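Asker: I need the structure of the sequence given here:
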Amino acid sequence: MILNHSSEIKAMLRSGKMLHIGGRPVIVPESRNPASTHARSHAIKLALAFVAIYVIWGSTYLAIRYAVETIPPLVTAGIRHSIAGGIMLAWAWWRGFRPTRQQWIAGFALGALFFLVGHGTLHWAEQYVGSGLAALLIATEPMFILVLGWMMGRQKISVLSALGLGLGVLGVAMLTGVELTVKGSSLWGLLAVLLGSLSWSLGVVISPRLKLPSDALGRTALPTLCGAALLLLAAGVTGEFQQTHWASITLRSVFGLGYLITFGSVVAFTSYTWLLQRVPPALVATHTYANPVVAVILGWLLAHEPLSLRVVLASMAILGAIVLIRRGERVVRATVPDVVPSASAVERSEECA
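Answerer: Sure, this is the predicted structure:
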């Protein structure tokens, strides 16, 4: 036994796993593999980034509801996007981005579709519509994109996509039908959310034809800032600034607006652009499935929004429609790649609250 132990010590000394220190053999601790440490760190960053676009963007619908309780909707959206857009543009400027006149024009065109109409109607509607229902209706965007692309001759509708459209229409009908009895909802509010989704989808479809910046951050900063200017102008024209009772704004509304600016716009968007540079866009686009689910659950848990069987079935129909449409688009893209717009052009512009 002693001889065996001695031979093991000698073998470890020869291999460098043990050293003589002060005349005594001491085991050398194994050094960490830098590659495995880097891989672990990268995996953690990926997980946190997906949590941001899944959970944070899903939670922004509830934050909007809290913000517009005591702050007028156009004022809320205008302040939110002016601060967030200003931060992103300053960041892009620091990195060397310099927008041209044509890019500013394109920014105002997209800003009107994405933020003035798209987010303006959403913020207004959440005075009357539950945050979960609003998120479910916003999820109809891929359906509008498919139909608009087909009407412009840039998209073909496969059998799977057609089935998805039918299922999506059924889901929307379940939410907006005359028999809808969810407390606190409004048919006009639901239609306003659908109008916003349609407007955002139109922006997605025409964006490849606009002279937008190639810089990813600048490409988002310009429409955000231009949209914010249009929202604030609309708030002034409609008299929302005069109707704002600044002393009556609740702490919950302030926190809701702060959450939208800090987490909804800056943190989640930074995570979104970071992910697009490291994983396939189709994987990043899965947030469109997660956001409505998160919004419905948070609305039910925190805001006591009713979670009826109708809402559950409509959720399944709309999410199932998105899955079918995306699979149908992949089929068409594989057979007619020159007719269908690139996936990145659409997926990089998906709507979030």
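
Asker: could I get the full set of strands for this protein?
Answerer: Here the chain has its strands, by DSSP state E, at 18-21, 24-27.

Asker: need the least confident one among those strands, by mean pLDDT.
Answerer: With a mean of 50, strand 18-21 has the lowest mean pLDDT of the strands of the chain.

Asker: contact partners for the closest residue to M316 other than its chain neighbours?
Answerer: Closest residue to M316 apart from its sequence neighbours, by C-beta to C-beta, 6 or more residues apart in numbering: G171 at 7.7 Å. C-beta coordinates here come from the backbone N, C-alpha and C atoms, glycine included. Residues in contact with G171 (C-beta atoms under 8 Å, 6 or more residues apart in numbering) are 136, 313-318, 321.

Asker: ok, G171 to A317 distance?
Answerer: To A317, G171 is 3 Å away according to C-beta to C-beta, to the nearest Å.

Asker: ok, now L48?
Answerer: L48 is 32 Å from A317, by C-beta to C-beta.

Asker: the stretch 151-300 of the chain: helices as residue ranges?
Answerer: 159-176, 187-206, 216-237, 240-243, 251-259, 268-276, 281-284, 287-302 (DSSP state H, counting those that start in this stretch).

Asker: using TSV, lay out the contacts of G171 together with distance to G264 and pLDDT.
Answerer: Output for the contacts of G171, formatted as TSV (distance: C-beta to C-beta, whole Å; pLDDT from 0 to 100):
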residue	distance to G264	pLDDT
L136	18	90
L313	28	90
A314	24	88
S315	22	88
M316	26	91
A317	27	91
I318	22	89
A321	25	89
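
Asker: pull the most distant pair out of the residues you listed.
Answerer: Comparing every pair within the contacts of G171 by C-beta to C-beta identifies L313 and A321 as the most remote, at 12.6 Å.

Asker: pick out whichever of those two has more residues nearby.
Answerer: Neighbour count, other C-beta atoms under 10 Å: between L313 and A321, A321 has more, with 25 against 14.

Asker: that older thread, quick one: which of the helices of the stretch 151-300 of the chain is nearest L62?
Answerer: For the helices of the stretch 151-300 of the chain, the distance to L62 is smallest for helix 287-302, at 5.0 Å, taking C-beta to C-beta.

Asker: return the set of buried residues in stretch 142-155.
Answerer: For stretch 142-155, burial by neighbour count (16 or more other C-beta atoms under 10 Å) applies to 142-149, 155.

Asker: among those residues, which are in helices?
Answerer: The members of the buried residues of stretch 142-155 that map onto helices under DSSP state H are 142-149.

Asker: show me which of those residues is closest to T220.
Answerer: Minimum distance to T220 across those is 18.1 Å, recorded for I145 (C-beta to C-beta).

Asker: the closest residue to L195 other than its chain neighbours: how many residues sit nearby?
Answerer: Residue nearest to L195 in three dimensions, not counting chain neighbours: T121, with 5.3 Å by C-beta to C-beta, 6+ apart. By the criterion of other C-beta under 10 Å, T121 has 24 neighbours.

Asker: by mean pLDDT, show me the worst of the helices of the stretch 151-300 of the chain.
Answerer: Mean pLDDT per stretch puts helix 281-284 lowest among those, at a mean of 74.

Asker: export it as CSV, just CAs?
Answerer: Once non-C-alpha atoms are left out, helix 281-284 reads as follows in CSV (Å, rounded to 0.1, in the frame of the first residue of the first chain):
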residue,chain,number,x,y,z
PRO,A,281,-33.7,36.0,-36.5
ALA,A,282,-36.3,33.2,-36.6
LEU,A,283,-35.3,32.3,-33.0
VAL,A,284,-35.4,35.9,-31.8
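
Asker: L230 reaches F108, doesn't it?
Answerer: Yes - between L230 and F108 a contact is recorded at 7.3 Å, counting by C-beta atoms under 8 Å.

Asker: mind checking pLDDT for I64?
Answerer: We note a pLDDT of 96 for I64 in this prediction.

Asker: hmm, it is touching H123, no?
Answerer: Yes - under the contact definition of C-beta under 8 Å, I64 touches H123, with a separation of 5.8 Å.

Asker: any common contacting residues for those two?
Answerer: T76.

Asker: state the pLDDT value of R101.
Answerer: pLDDT for R101: 94.

Asker: tell me how far the helix ranked longest in the chain lies from the chain's centre.
Answerer: Counting residues, the longest helix found in the chain (DSSP H) is helix 309-335. Centre-to-centre, helix 309-335 and its host chain are 18 Å apart (C-alpha atoms, centre = their mean, to the nearest Å).

Asker: likewise stretch 295-303?
Answerer: Per C-alpha atoms, centre = their mean, the centroid offset for stretch 295-303 relative to its chain is 18 Å.
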